[in-house]
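# okay, here's the prediction I keep looking at, along with the sequence it came from:
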Amino acid sequence: MSDAPSVQPSLNEIVSLCKRRGFIFPSSEIYGGFAASWDYGPLGVELKNSVKQSWWKDTVTSRPNVVGMDGAVTTHPRVWEASGHVEGFHDPLIICKTCGHRFRADKINEEQCPQKPSKKPHECGGELTEPKNFNLMFKVHWGPVEDAGQFTYLRPETCQTIFPNFKNVLTTTRQRVPFGIAQIGKSFRNEITTKSFIFRQREFEQMELEFFTHPNEAKQWFEHWVNARKEWYISLGVRASRLRLRQHDADELAHYADDCYDVEYQFPMGWQELEGIANRTDFDLKRHMEYSKKDLSYRDDLTGEKYVPYVVESSAGVDRTVLTLLSDAYDIDQAPNDKGEMEERNVLRFSPKVAPVTLAVFPLFKKPPEMVELAHKIEDDLRLDYKTNYDDAGNIGKRYRRQDEIGTPLCITVDHDSLQDNSVTIRNRDDMSQIRVSVDQLRSAIADQLKEMSKPRA
Ligand code: ATP
């Protein structure tokens, strides 16, 4: 992939491109939108699926000691008492007595007064309340009777459906510690502030791994996963220079955690958490043992030792990864227009591993019919192995620009010569170079170029 210097877009530019090209739309737009809810369009869902499939392959199917599961969004409410969420899953809430706006006390310096946006909430003259704890879980009625006894919570994280299933998975898979259970799914948090596009939503998707180890081996597995997780983002084409690992200070560490690192990305709004990796000790399994009165300890059949395993957790956000890929791929450079004059070009430099469309196929003109026929034939064949797009509308330069803006790595054009010599043009998104290849050699030429474009970026 090109290492050409690239621009750091604003969040507004990303939001607008996403809407314009069909990656992500404001939810319920025809009703005026719905705060912090976003719908993924045709290109967005491809990007999101690539993220999830790559994570699943890297975390689960390529490893002998990790298995998957898919737990329910709604569980017995005791799960959230045991996990500590009922008691302690709070953010500190501050309300402006003047305008009634709500802020997170710990993020107040990043906020603006909604009435006087040039000022921070405490600088605008409004009187702020003292912080009070606000529980982020959504409480929902459960069952047909809306009485106080029948309620549960929408899960605020996926991992708490993994711990209660520890024994079920252990006995049915015949895994031995160390081993992991992974899950991808929706989580819900009643966030106080929800700006920053898909970075902070009330409904979002997580990719979580709980890796169970012997207490003496937890430190070593923790180091393994911290490094493996950062490498995964680099493997998706995210620039290493815009990623960093940040260790939590002692005062920031959750009371049960022994150590924690965040993978952070340099988003348009600054360095922010993309994922957390924590050594959660034996806290979760012990709490579920206490609340359920079930034995969740592990007996090593080789040594005879019985213990409650430690857990190393990796907790990543699907949506934050999508925003990372969009921010990292976004670029503006110069390209010649139809008259040969240079003009600005918007381009998403996605790795072919995640690009929503990998190959676009065009006939140069809609006539003669043989040209269209050959282009369709080539696309039909390639569609079996690649995500393809057929386009015959508008001049060829505009078609290239459209594909550049959605991040398609290669465009294949069928022209008059193709009908004579069975050759086509492959045009590269990043350097706009064009090569002529015979249709018989097309697949290997595509594979070579995609391999080159999949190389990690510095
Ligand atoms: P933050 O400090 O940004 O609120 P967090 O520390 O509460 O994040 P975790 O509980 O560690 O987040 O959740 C793990 C991951 O889930 C985060 O790193 C992020 O990628 C994702 N995530 C958490 N909350 C949200 C949200 N409201 N919207 C989108 N993704 C989220």
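Received the coordinates, thanks.

# closest residue of the chain to the ligand?
The minimum distance from the chain to the ligand, using C-beta to the nearest ligand atom, falls at Gly317 (2.3 Å). Where you see a C-beta, it was placed from the backbone N, CA and C, and this is true even at glycine.

# what bridges to that residue?
Legend: beta-bridge partners of Gly317 under DSSP bridges are Gln206.

# that one contacts Glu205, correct?
Yes. Taking contacts as C-beta atoms under 8 Å, Gly317 lies within contact range of Glu205: 7.2 Å.

# OK, contacts around the residue of the chain closest to the ligand?
Shown in contact with Gly317 (C-beta atoms under 8 Å, 6 or more residues apart in numbering): Phe204, Glu205, Gln206, Met207, Leu274, Glu275.

# I'd like to know which of these are buried.
Neighbour-count burial (16 or more other C-beta atoms under 10 Å) applied to these gives Phe204, Glu205, Gln206, Met207, Leu274, Glu275.

# circling back to that earlier point, filter the contacts of Gly317 by proximity to the ligand?
Applying C-beta under 6 Å from any ligand atom to those, one finds that Phe204, Gln206, Leu274, Glu275 fall near the ligand.

# where does Tyr386 land in three-state SS?
With DSSP: H, G, I helix; E, B strand; the rest coil as the basis, Tyr386 sits in coil.

# hang on, isn't it packed against Val361?
No. With contacts counted by C-beta under 8 Å, Tyr386 stays clear of Val361, the gap being 10.0 Å.

# between these two, point out the one with more neighbours.
Each of Tyr386 and Val361 has its neighbours counted (other C-beta atoms under 10 Å); Val361 has more, 25 against 19.

# and that one, what element?
strand 359-363 (DSSP states H and E).

# sheet-wise, list the partners of that strand with their directions.
For strand 359-363, pairing defined by DSSP bridges yields strand 388-390 (parallel), strand 410-414 (parallel).

# show me the helices in the stretch 151-300 of the chain, by range?
166-173, 218-235, 283-292 (DSSP state H, counting those that start in this stretch).

# which phi and psi does Leu93 have?
The phi/psi pair for Leu93 (degrees, to the nearest 10) reads phi -100, psi 130.

# quick check: bridge partners of it?
Arg104, Lys132.

# quick one: it and Ser315, what's the gap?
23 Å (C-beta to C-beta, to the nearest Å).

# who's in contact with stretch 118-131?
92-99, 101, 103, 105, 108-109, 111-113, 115-116.

# and it, average pLDDT?
Stretch 118-131 shows a mean pLDDT of 85.

# start the count at 20, not 1, going forward
Shifting the count to begin at 20 puts that one at stretch 137-150.

# and that stretch, end to end?
Stretch 137-150 stretches 23 Å from its first residue to its last (C-alpha to C-alpha, to the nearest Å).

# what does stretch 445-465 give?
Start-to-end span of stretch 445-465 (C-alpha to C-alpha) is 8 Å.

# and what about Ser73, helix, strand or coil?
Taken by three-state DSSP, the conformation at Ser73 corresponds to helix.

# I figured it was touching Val373, is that so?
Yes. The pair Ser73 and Val373 qualifies as a contact (C-beta under 8 Å) at a distance of 7.2 Å.

# more neighbours, these two?
A direct count of neighbours by other C-beta under 10 Å for Ser73 and Val373 places Val373 higher, at 24 against 18.

# I'd like the distance between the residue lying closest to the more buried one once chain neighbours are set aside and Ser370.
Spatial nearest neighbour of Val373, chain neighbours left out: Ser69 (4.3 Å); criterion: C-beta to C-beta, 6 or more residues apart in numbering. The span separating Ser69 from Ser370 equals 9 Å under the rule C-beta to C-beta.

# got it, and Lys139?
Relative to Ser370, and taking C-beta to C-beta, Lys139 is found at 39 Å.

# and these two? Which one has more around it.
Using other C-beta under 10 Å, the more surrounded residue of Lys139 and Ser370 is Ser370, with 24 against 15.

# which SS class is that one?
Ser370 ends up coil, using three-state DSSP.

# any low-confidence regions in this protein?
20-26, 165-168 (pLDDT under 70).

# so which residues on it come close to the ligand?
176, 208, 210, 219-220, 223, 225, 292-295, 334-336, 338-339.

# if we can go back for a sec, and the helix or strand containing the residue nearest to Val373, what does it pack onto?
Assigned by DSSP H and E, Ser69 falls within helix 61-75. Contacts defined by 3 or more C-beta pairs under 8 Å, 6 or more residues apart in numbering; DSSP states H and E place helix 61-75 against strand 198-207, strand 222-232, helix 237-254, helix 337-348.
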